[in-house]
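Peer 1: My questions are about this predicted structure, shown below with the sequence.
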Amino acid sequence: MTHRGERILPKFETAAEEAQWWHDNRDRVEDVLIHAMNKGIIRLGTAQRLINEARTSRNVTLTDGGNGPRFLDPVRRRAGEKGLPYQTHIRSLLHEALTERERGRAK
């Protein structure tokens with residue numbers, strides 16, 4: 001998001017907090033992107049290219065343990081309720097669980 005040419009994006013404590021911000025501000029973000037595209041400031045595909053170039057994470061493959069669709073259906077449903085891709089929701093849940101585990105060890 002920009003304000004008078006300055007980029008304004010809050011700092012996030014967790015991936016879930018960031019995901020919620022993007023969800024809550026999706027209409028505003030869309031308006032800003034459409035405006036920038038109409039003015040020729042950005043081109044389609046630029047954001048995805050930058051994300052791909054900046055990506056430092058590694059892919060992780062999860063198996064369903066023989067449970068088939070029943071394994072991911074609840075996760076996909078909850079992610080949909082939050083307006084998130086299910087992979088983002090899984091990453092957020094994993095991050096939160098690991099953070100809670102580390103907090104428990106620190107006590």
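Peer 2: Alright, I've got the coordinates. Note that the structure is a prediction, hence the values are computed from the model and not measured.
Peer 1: count of residues packed around L72?
Peer 2: 15 (other CB atoms under 10 Å). No exception for glycine: its C-beta is placed from N, CA and C like everyone else's.
Peer 1: Distance-wise, check it relative to A16.
Peer 2: 19 Å (CB to CB, to the nearest Å).
Peer 1: repeat for P10
Peer 2: In terms of CB to CB, P10 sits 14 Å off from A16.
Peer 1: So the two - more neighbours on which side?
Peer 2: Neighbour totals were compared for P10 and A16, and A16 leads with 19 against 10 (other CB under 10 Å).
Peer 1: For the host helix or strand of the more buried one, which helices and strands make contact with it?
Peer 2: Here A16, judged by DSSP states H and E, is contained in helix 15-24. With contacts taken as 3 or more CB pairs under 8 Å, 6 or more residues apart in numbering; DSSP states H and E, helix 15-24 sits against helix 73-82, helix 86-106.
Peer 1: residues touching R26, list them.
Peer 2: G83 (CB atoms under 8 Å, 6 or more residues apart in numbering).
Peer 1: And it, its phi and psi?
Peer 2: Here is the backbone geometry of R26 (degrees, to the nearest 10): phi -60, psi -40.
Peer 1: do T63 as well
Peer 2: Torsion angles, degrees, to the nearest 10, at T63: phi -110, psi 160.
Peer 1: Please apply the same query to K11.
Peer 2: Dihedral angles (degrees, to the nearest 10) for K11: phi -80, psi 140.
Peer 1: What number of residues are in the vicinity of it?
Peer 2: 6.
Peer 1: In contact with L62: list those residues for me.
Peer 2: I90.
Peer 1: And it, what's its pLDDT?
Peer 2: Per-residue confidence (pLDDT) for L62: 75.
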